[in-house]
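> Fold the following and give me the result.
(2 chains)
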Amino acid sequence: MQTVKMVVTGPYSSGKTQFIGTISEIDVVKTERKVTSEAEKVKDQTTVAMDFGRITVDNDLILYLFGTPGQRRFDFMWEILSEGMLGFVVMVDSSRPETFREAKSILETFRAYAPTPYVVAANKQDHPEAWTPEDMRIALRLDPNVKLLPCVATNRDSVKNVLLELLYSILAEMEK
Amino acid sequence: MPLRGNLRDFSTTQLLNLVNLAKKTGTLTIEGPTEAAQMCFREGKLVYAQMGAEDGSLPLVLRKVGKLNDQQAQSLKQRPESANDKALGLLLINAGYVTQADILQSIKQNTLDITFRLFTWVEGLFNFDATGAPPTGRITVPIELDNVIIEGSRRLREWEQLQDEIPNLDMALKFVDKPERLKNLNLSVEEWKVVSYIDPKNSIKQIAKTNNMSDLDVRKIVYGLLQAGLVDLVRPISTRPLGNVPTRKPLTAEAKEQEKSLVNKLISRIRSL
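Predicted coordinates:
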């Protein structure tokens, strides 16, 4: 049995747990706790160690999806989770520009951990306040070669698209 | 009661505030992770500071601010007067190299530069010796601590923001556009020093080391270049990535085909979901 791993990272409350939950065939193994910090009370619960989802490909191959904790004080988990990953997705909440800087910083940190392909998912595109992916590309100062994909993490097709684009990037990297 | 502890629990800002309010006299020694620093105070005023192995002598201070070149500083260090900065200062003033104001301003600047660097230290054992005094022969310039604390706190906030913007100095830089764009820009000498080393092979840390710049200085310059859209952060070509993750080894043709087949399987599976 072979297992491969992809990591879903991004700032606090960017939709990582939802993203994994939408596509995982098992109930996501969540390590959520009640939010205690007033400043971070955008939602009631947050991931403190990791989220864990699974997609069985066939009898010999399983894809695991790991979601990183979004709060900076748990960033010691990031490097552990990034070990051996095939690629990673950076989730960004399109409706919260105040988190863009943090998203960019997380992206750079993960790039330094491992030379694997990645894509950026502009999540919550269904939100009325969502920035367009084009504007987000400028705000996040993303290279034109980096895939910035519109995403609604509650929508299965949208999540599938993000994962497929990441896999296409991985394939393209292998063919170089 | 000895005044000692760790910056983790009592910051540089708090220490200077204490010295200022209590009008203390003595020497504060801080042992940071890589080097030690000393600050001397007289009745609550900062009078002298020294960092690491730097001897803080007048020739060295004047060289740092560009009043002397390396050769002049070296030859002055050989002279018998070099043990006494006051005697050496008089010699330089009489010879017309510098003015008294130059000397006092340079020493003050050097003391402040060292002190401001200490504001960014978050870890280090400190010890205040009430009997400690500046090394013999050094010229001391009294500086009020109120403004130092305000400016230091401002720089600390700036430092924290810069750290947030550029968290990893192991990253390298590449030009976003053609470097010809730089011809029309007004860059300072320090900025040019950084620009001249921009190459995906050089990490920011290496650029800082080569140019003898502090982390704060190089971050400031890189931040400016990033904001101007001239450069972008990239992973250095020649260095290993951070942490224990090995770089991707070149695959054999067979292994490559296996990996491609695995990714294709994943693609098919996700498409079918």
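
> Relative to A:Tyr168, how far out is the residue nearest the centre of chain A?
With distances taken as Cα atoms, centre = their mean, the residue of chain A nearest its centroid is A:Val8 (2.9 Å). Here A:Val8 is placed at a distance of 17 Å from A:Tyr168 (Cβ to Cβ, to the nearest Å). Yep, even glycine has a C-beta here, placed from its N, CA and C like the rest.

> quick one: secondary structure of A:Val89?
strand (DSSP: H, G, I helix; E, B strand; the rest coil).

> Same check on B:Glu54?
coil.

> per-residue confidence for residue 164?
Let's take chain A. pLDDT recorded at A:Leu164 is 97.

> think we crossed wires, I meant chain B
B:Asp164 is given a pLDDT of 83.

> got the contact list for the residue nearest to the centre of chain A?
A:16, A:19-20, A:51, A:65-68, A:88-89, A:91 (Cβ atoms under 8 Å, 6 or more residues apart in numbering or on different chains).

> next one: B:Glu35
Contacts of B:Glu35 (Cβ under 8 Å, 6+ apart): B:51-53.

> for B:Glu31, same thing?
B:124-126.

> Likewise for B:Thr210?
Neighbour list for B:Thr210: B:Tyr197 [criterion: Cβ under 8 Å, 6+ apart].

> give me the number of residues near the closest residue to chain A within the stretch 1-150 of chain B?
Using Cβ to the nearest Cβ, the single residue of the stretch 1-150 of chain B nearest to chain A is B:Val122, 15.2 Å away. Neighbourhood size, B:Val122 [other Cβ atoms under 10 Å in any protein chain shown]: 13.

> Which residues does the residue nearest to the centre of chain A form beta bridges with?
A:Val8 has these beta-bridge partners by DSSP bridges: A:Gly67, A:Val89.

> returning to that earlier point: for the contacts of A:Val8, could you give me JSON lines that also reports pLDDT and neighbour count?
Below are those laid out as JSON lines (pLDDT from 0 to 100; neighbours: other Cβ atoms under 10 Å in any protein chain shown):
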{"residue": "A:Lys16", "pLDDT": "93", "neighbour count": "29"}
{"residue": "A:Phe19", "pLDDT": "95", "neighbour count": "29"}
{"residue": "A:Ile20", "pLDDT": "94", "neighbour count": "29"}
{"residue": "A:Asp51", "pLDDT": "76", "neighbour count": "23"}
{"residue": "A:Leu65", "pLDDT": "92", "neighbour count": "23"}
{"residue": "A:Phe66", "pLDDT": "90", "neighbour count": "22"}
{"residue": "A:Gly67", "pLDDT": "89", "neighbour count": "30"}
{"residue": "A:Thr68", "pLDDT": "87", "neighbour count": "25"}
{"residue": "A:Phe88", "pLDDT": "96", "neighbour count": "27"}
{"residue": "A:Val89", "pLDDT": "97", "neighbour count": "28"}
{"residue": "A:Met91", "pLDDT": "97", "neighbour count": "31"}
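
> Now for the residues you listed: which two are most distant?
Farthest-apart pair in the contacts of A:Val8 is A:Asp51 and A:Phe88; separation 13.8 Å (Cβ to Cβ).

> Next, work out how far apart A:Ala114 and B:Phe119 are.
From A:Ala114 over to B:Phe119 (counting by Cβ to Cβ), the distance is 34 Å.

> Of these two, which one has the most company?
The residue with more neighbours, out of A:Ala114 and B:Phe119, is A:Ala114; 25 against 22, by other Cβ under 10 Å.

> Surely the more buried one touches A:Met85?
Yes. Between A:Ala114 and A:Met85 there is a contact under Cβ atoms under 8 Å: 6.3 Å.

> B:Asp232 is in what secondary structure piece?
strand B:231-234 (DSSP states H and E).

> Alright, calling it a day.
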